[in-house]
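[1] structural data only, the sequence is not supplied:
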DNA sequence: TAGATTGTTAATCGATTAACAATC
DNA sequence: TAGATTGTTAATCGATTAACAATC
């Protein structure tokens, strides 16, 4: 019913951004939009928008464009955020608590069922109505609460062992914030958020921007004859 | 000296991962590695590794492979993490504090000079030796401390205004955790970390994995004649 | 109906993989 | 020297953009 052929990863990774922009359009009270207008807002080509959406079927109408609310709902359905996903957070440090405190996740169907930590000082604390538990309960808790997704906000050193326990307990997906790659069976989804890698990419871009700035300054200096290179 | 031609974004985004694996190899005491061995560990093709690295020059040696330590150092240089980057964190909530507490960033040359928040309860607190300040000081602080990078861990609603102030104060890059796109001049780098989008991609993958599982189960049921479709 | 805009095919562009000569 | 493995060119694959007929 849902799947015809494999959708490319590039397309999938753009869908949440479309979803965000459509949400903003709804807030502005805009009811319909053409691929051209949307392309101007999002700074992508109209062609790409139409191509992307047509992977999932024709959501638009010739001569009219796209109905914002309808498209918004359809993308939610495609992404599976119209359903409920039960989630736990392993690691109740700042990062784990940051995720627990982000209320918008619940709006998208991600229900935080529990938090886990090994630190005795944290166990028993309640964050946004969710109790922090010791890690011994883990397997039973996953089964009892039909947990699909585990956010892993623990140090790299502990990640492989916990990942294995999660897999054995039947988890469907790991949202991995640990600075390491996890080895799991093919049918377990791992979505990595490697913040240190993100920061390194930023670093690269800052440096190459700096290089470019210097190159241009030098060029200008040469043109105005400020140095004796030629 | 450093730049010849534009390096593709795909290549850049893979460099931090190479860097991580090379670091692990060093910890294991491995001194040299061939593209083939590395490809097995990293689950990418050897061809891609060689192609990627050759964008920046020949770091290997025929018949030998790559010297781990040398390559590690070179990638650090390419990424610009051999230099010092002064950083501030705007928004001292859980996410901001999580970043402040992650010690490895300092190892890579990212020095956290200050944290800022509007919440009076947080102002004056000290996180890992860094004081949380009121946001009024922002511009002067950036100039006085030669701050290049600002991590933006504040709600979406406040992000555009702060981004504008940062740009005016001469910031070079914004590490953006706010759930919105920022409008900044071309020479200011924005690296987005949109956690909600990451979670939606995870959701998609969980659902399509589920679909596949069901499809296969159905196929099997048909083969064994458990239903009457044919 | 005429104008607008999609859905979709074709053309282009870029990234990945394969192959192999160069060379340590 | 022979074997190993890179650096690099060529072939393939996939993703993006352009174009336009279909159609609301």
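    Now that the structure is in, tell me what you want to look at. Quick caveat, the model's predicted, so the values are computed rather than measured.
[2] how far is the longest helix seen in chain A from where the chain is centred?
    Longest helix in chain A, counting residues (DSSP state H): helix A:195-223. Relative to the centre of its chain, helix A:195-223 is centred 28 Å away, using Cα atoms, centre = their mean, to the nearest Å.
[3] is there proximity between it and chain B?
    Yes - Helix A:195-223 is in contact with chain B by Cβ under 8 Å from any Cβ of the partner chain, via A:195-213, A:215. All C-beta spots, glycine's among them, are computed from the backbone N, C-alpha and C.
[4] give me the mean pLDDT for that helix.
    For helix A:195-223, the mean pLDDT works out to 90.
[5] from one end of stretch A:115-135 to the other, what's the distance?
    Stretch A:115-135 has an end-to-end distance of 9 Å (Cα to Cα, to the nearest Å).
[6] what do you get for stretch A:141-151?
    First-to-last residue span, stretch A:141-151, Cα to Cα: 15 Å.
[7] just the buried positions in it, please.
    A:141-142, A:147-151 (16 or more other Cβ atoms under 10 Å in any protein chain shown).
[8] per-residue confidence, residue A:109, what does it come out as?
    93.
[9] roughly how far apart are it and chain B?
    8 Å (Cβ to the nearest Cβ, to the nearest Å).
[10] could you do residue A:49 as well?
    Taking Cβ to the nearest Cβ, one finds residue A:49 at 16 Å from chain B.
[11] quick check: closest non-adjacent residue to that residue.
    Using Cβ to Cβ, 6 or more residues apart in numbering or on different chains and skipping the chain neighbours, the partner closest in space to residue A:49 is residue A:35 (4.5 Å).
[12] now swap in residue A:72 and tell me
    Nearest one to residue A:72, counting by Cβ to Cβ, 6+ apart, is residue A:22 at 4.2 Å.
[13] wait, that neighbour sits on residue A:74?
    No - with contact defined as Cβ atoms under 8 Å, residue A:22 does not count as touching residue A:74 (9.6 Å).
[14] and these two? which has more neighbours close in?
    Higher neighbour count among residue A:22 and residue A:74: residue A:22, with 23 against 19, using other Cβ atoms under 10 Å in any protein chain shown.
[15] which parts of the lowest-mean-pLDDT helix or strand in chain A are buried?
    Lowest by mean pLDDT, DSSP states H and E among the helices and strands of chain A is helix A:104-107, with a mean of 86. Residues of helix A:104-107 classed as buried: residue A:105 (neighbour count, 16+ other Cβ under 10 Å).
[16] and it, what does it pack against?
    Contact here means 3 or more Cβ pairs under 8 Å, 6 or more residues apart in numbering or on different chains; DSSP states H and E; on that basis helix A:104-107 packs against helix B:195-223.
[17] show me the domain layout of chain A.
    For chain A, automatic domain parsing gives the domain ranges A:9-79, A:85-193.
[18] nearest to DNA strand D, of those domains?
    domain A:9-79 (2.4 Å; Cβ to the nearest atom of the strand).
[19] can you give the distance of the closest one from its chain's centre?
    Here domain A:9-79 is found 18 Å from its chain centre; the criterion is Cα atoms, centre = their mean.
[20] helices and strands around the longest strand that chain A contains, which ones?
    The longest strand of chain A (DSSP state E) is strand A:110-117. Using 3+ Cβ pairs under 8 Å, 6+ apart as the contact criterion, the elements in contact with strand A:110-117 are strand A:85-90, helix A:94-101, strand A:130-134, helix A:138-144.
[21] re earlier: need the buried residues of stretch A:141-151 in CSV (columns: secondary structure, pLDDT and distance to residue B:10).
    Output for the buried residues of stretch A:141-151, formatted as CSV (DSSP: H, G, I helix; E, B strand; the rest coil; pLDDT from 0 to 100; distance: Cβ to Cβ, whole Å):
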residue, secondary structure, pLDDT, distance to residue B:10
A:141, helix, 98, 40
A:142, helix, 98, 36
A:147, coil, 98, 34
A:148, coil, 98, 31
A:149, strand, 98, 28
A:150, strand, 98, 29
A:151, strand, 98, 27
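[22] restrict those residues to contacts with chain B.
    Of those, the ones that also sit near chain B (Cβ under 8 Å from any Cβ) are A:148-149.
[23] residues in contact with the residue nearest to residue A:49?
    By Cβ atoms under 8 Å, 6 or more residues apart in numbering or on different chains, the residues touching residue A:35 are A:46-47, A:49-50, A:60, A:65-66.
[24] just these now: which is nearest chain B?
    residue A:49 (15.6 Å; Cβ to the nearest Cβ).
[25] the closest one contacts residue A:39, correct?
    Yes - counting by Cβ under 8 Å, residue A:39 is a contact partner of residue A:49 at 5.8 Å.
[26] which one of those two has more residues nearby?
    residue A:49 (21 against 17).
[27] if I look at the closest residue to residue A:147 other than its chain neighbours, how far off is chain B?
    Residue nearest to residue A:147 in three dimensions, not counting chain neighbours: residue A:86, with 4.8 Å by Cβ to Cβ, 6+ apart. Residue A:86 sits 11 Å away from chain B, going by Cβ to the nearest Cβ.
[28] identify the residues contacting the longest strand of chain A?
    So strand A:110-117 is contacted by A:81, A:84-93, A:96, A:99-100, A:105-106, A:123, A:127-128, A:130-135, A:137-138, A:141, A:145, A:147, A:149, B:199, B:203 (Cβ under 8 Å, 6+ apart).
[29] list the neighbouring strands of that strand plus their orientation.
    strand A:85-90 (parallel), strand A:130-134 (parallel) (DSSP bridges).
[30] and it, what's buried?
    The neighbour-count check on strand A:110-117 (16+ other Cβ under 10 Å) flags A:110-117 as buried.
[31] okay, those in JSON lines with distance to residue B:54 next?
    Formatted as JSON lines, the buried residues of strand A:110-117 follow (distance: Cβ to Cβ, whole Å):
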{"residue": "A:110", "distance to residue B:54": "42"}
{"residue": "A:111", "distance to residue B:54": "48"}
{"residue": "A:112", "distance to residue B:54": "46"}
{"residue": "A:113", "distance to residue B:54": "48"}
{"residue": "A:114", "distance to residue B:54": "48"}
{"residue": "A:115", "distance to residue B:54": "46"}
{"residue": "A:116", "distance to residue B:54": "45"}
{"residue": "A:117", "distance to residue B:54": "45"}
